[in-house]
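Student: Here is a sequence with its predicted model. Questions after.
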Amino acid sequence: MVTQEQRKRQLAREKFLRQQQRRTAARRKARARNSVIASVLGVIVIGSVVLYTTGVMKDDKKSNASADVTPSASATSKAPDPCAKPAAGKIKTETWKKEPAITIDKSAKYTMKLATTCGDIDIALKTSAAPHTVNSFNFLASKGFFDHTKCHRLTTNGIYVLQCGDPTGAGSGGPGYTIPDENLKDTSLKGGSYPAGTVAMANTGQKHTGGSQFFLVYKASPLPASYTPFGTISASGMKVLNKIAAAGESTGQGDGAPNATVVINKATVTKS
């Protein structure tokens, strides 16, 4: 007999896969449309915009969310914003055509600090297991790419993640390049779940399409091992993340913008 919890996980997975398929189709149509525009105008389009969101990390307003999930208690009644006002500054819009050359020391330890409006989130990075990912974050942080950006998505039902790393704040932005999937056989992913405290890459649902968007898991979440796990959140960082999660999300469906004003004032990657 299928238990209620098993059915809940099955529905979450099914929704996730449907949203991935819709976004893949949308990206194909966008690429075809852009190529037609380019040929008419005689413009050579250099680089492409890749949507770095997944069905898990991207709210699909066209879908009937109520058929898949039940609104969570935290989402139906908006809690007070537990976070401070963002620091003054502008989001940078620079992008790059190619993944940066690896300059990190693969044998060294690196940490990432997200100084957010809700508190600092410290992350121990898995350098040797995910060198391309860690190197990319080291590069982007050094360029101020994440500074002043919003964490634009919170899920509170079925899967439990906060998604960040998009300078547009809408779930469609990235650095202009993609990085390969890594560390998908991490022992922490056994059992078809990403454990609480995991930091992993978002992607389009296709292989090797990670960019700058990432998600922080505040409660064990049933997901396929398709998203590069590249860091572990500290105990103090988990307190901040749980505070954000407790404030709920804006749609009442368990998947939308966080009620908390979560802005990364400054992201820093440091070699230990």
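Tutor: Cool, the structure landed.
Student: Show me the shaky parts of this protein.
Tutor: Scanning the chain for pLDDT under 70 picks out the ranges 1-10, 12-78.
Student: May I see the buried residues of the longest strand seen in the chain?
Tutor: Of all the segments of type strand in the chain, defined by DSSP state E, the longest one is strand 263-271. For strand 263-271, a neighbour-count test (16 or more other C-beta atoms under 10 Å) marks 263, 264, 265, 266, 267, 269 as buried. To be clear about C-beta, it is placed using only N, CA and C from the backbone, and glycine gets the same treatment.
Student: Show me what that strand packs onto, helices and strands only.
Tutor: Judged by 3 or more C-beta pairs under 8 Å, 6 or more residues apart in numbering; DSSP states H and E, the packing partners of strand 263-271 are strand 110-116, helix 131-142, strand 149-150.
Student: Adjacent strands (with direction) for it?
Tutor: When pairs are called by DSSP bridges, strand 263-271 turns out to pair with strand 110-116 (antiparallel), strand 149-150 (antiparallel).
Student: what's the last one in contact with?
Tutor: For strand 149-150, the external contacting residues (C-beta atoms under 8 Å, 6 or more residues apart in numbering) are 91, 164, 165, 166, 167, 169, 262, 263, 264.
Student: ok, back up a step: could you dump the helices and strands packed on strand 263-271 into CSV with distance to residue 247 and mean neighbour count added?
Tutor: Output for those, formatted as CSV (distance: least, C-beta to C-beta, whole Å; neighbours: other C-beta atoms under 10 Å):
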stretch, distance to residue 247, mean neighbour count
strand 110-116, 13, 21
helix 131-142, 26, 22
strand 149-150, 14, 23
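Student: export those to TSV and tack on distance to residue 125?
Tutor: As requested, the helices and strands packed on strand 263-271 are arranged in TSV below (distance: least, C-beta to C-beta, whole Å):
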stretch	distance to residue 125
strand 110-116	4
helix 131-142	5
strand 149-150	19
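Student: thinking again about what came up before, mind putting the buried residues of strand 263-271 in a markdown table, distance to residue 177 included?
Tutor: Formatted as a markdown table, these follow (distance: C-beta to C-beta, whole Å):
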| residue | distance to residue 177 |
| --- | --- |
| 263 | 24 |
| 264 | 20 |
| 265 | 25 |
| 266 | 23 |
| 267 | 18 |
| 269 | 17 |
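Student: and which of those is nearest residue 186?
Tutor: residue 269 (19.9 Å; C-beta to C-beta).
Student: Let me see the ranges of the helices in the stretch 151-272 of the chain.
Tutor: For the stretch 151-272 of the chain, the helices defined by DSSP state H, counting those that start in this stretch occupy 235-246.
Student: all strands for the chain, in order.
Tutor: Using DSSP E, the strands of the chain run over residues 110-116, 119-125, 149-150, 153-155, 160-164, 193-194, 198-201, 214-219, 221-222, 229-233, 255-256, 263-271.
Student: Among the ones you listed, which comes closest to residue 87?
Tutor: Using C-beta to C-beta, those put strand 263-271 closest to residue 87, at 4.2 Å.
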